[in-house]
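> Fold the following, please.
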Amino acid sequence: MLVKLFWKYYAFLFLVIVLSNGFLLFNPHSHPAVYYHTLMAFNIKYITAYLLNILNLALNTVACVLIFIYAFQTPVLYKAPYWLFYARCLSDLTGHSWEWQMIQAGMAQGIFWGLLGLAALVLPIVPSYFAQWRLTFSQK
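Numbering: from 1, shown residues only. As a prediction, the model looks like this:
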């Protein structure tokens, strides 16, 4: 009972995380958008970082749908595609240039602040990987 309630709340929390990332990425006055556009102003090759972040947002949007399916036990699909799990893992490692810069800046201030920034990036998405793993690799 409590576990089911956790997943329902987490599904909405993850939706808020994905929507906020999308808002920050596409709002021209947000810090991440200014960061990416400044990078591209210096060298157009840095558009790769921006596009990887957009890809990360798209994959997390699909993952959000999967988390809702998992949380509300909707029998829409039997298994999620396995490549989506691995693509999301790779995307989370490469698609957060702004966040990695903030973690590096925190490390320059002290190991505690860097680890705190890393935890703030990683901990909210760990349950989403668990749910996606269960939908992808379960024996149903």
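> quick one: the spatially most central residue of the chain from Ile17, how far?
Central residue check for the chain by C-alpha atoms, centre = their mean: the C-alpha nearest the mean position is that of Asn60, 5.4 Å away. Asn60 is 8 Å from Ile17, where distance means C-beta to C-beta, to the nearest Å. No exception for glycine: its C-beta is placed from N, CA and C like everyone else's.
> Can you identify each of the helices in the protein by residue range?
For the chain, the helices identified by DSSP state H occupy 2-26, 31-42, 47-71, 82-94, 97-109, 111-122, 126-137, in order along the chain.
> So what's the gap between the first one and the chain middle?
For helix 2-26, the distance from its own C-alpha centre to the chain's C-alpha centre is 10 Å (C-alpha atoms, centre = their mean, to the nearest Å).
> quick one, phi psi at Gly110?
Gly110 has phi and psi values of phi 160, psi 150 when expressed as degrees, to the nearest 10.
> sorry, back to before: so which of the helices of the chain is the most packed in?
Comparing the helices of the chain on average neighbours per residue, with mean count of other C-beta atoms under 10 Å, the densest one is helix 47-71 at a mean of 19.
> just the angle between that one and helix 31-42, please?
Compare the direction of helix 47-71 with that of helix 31-42 by axes from the mean of the first three to the mean of the last three C-alpha atoms, to 10 degrees and you get 150 degrees.
> low-confidence ranges in this protein?
Low-confidence regions of the chain, defined by pLDDT under 70, span residues 77-78, 139-140.
> one more time with 80
Counting by pLDDT under 80, the ranges of the chain that qualify are 1, 75-80, 138-140.
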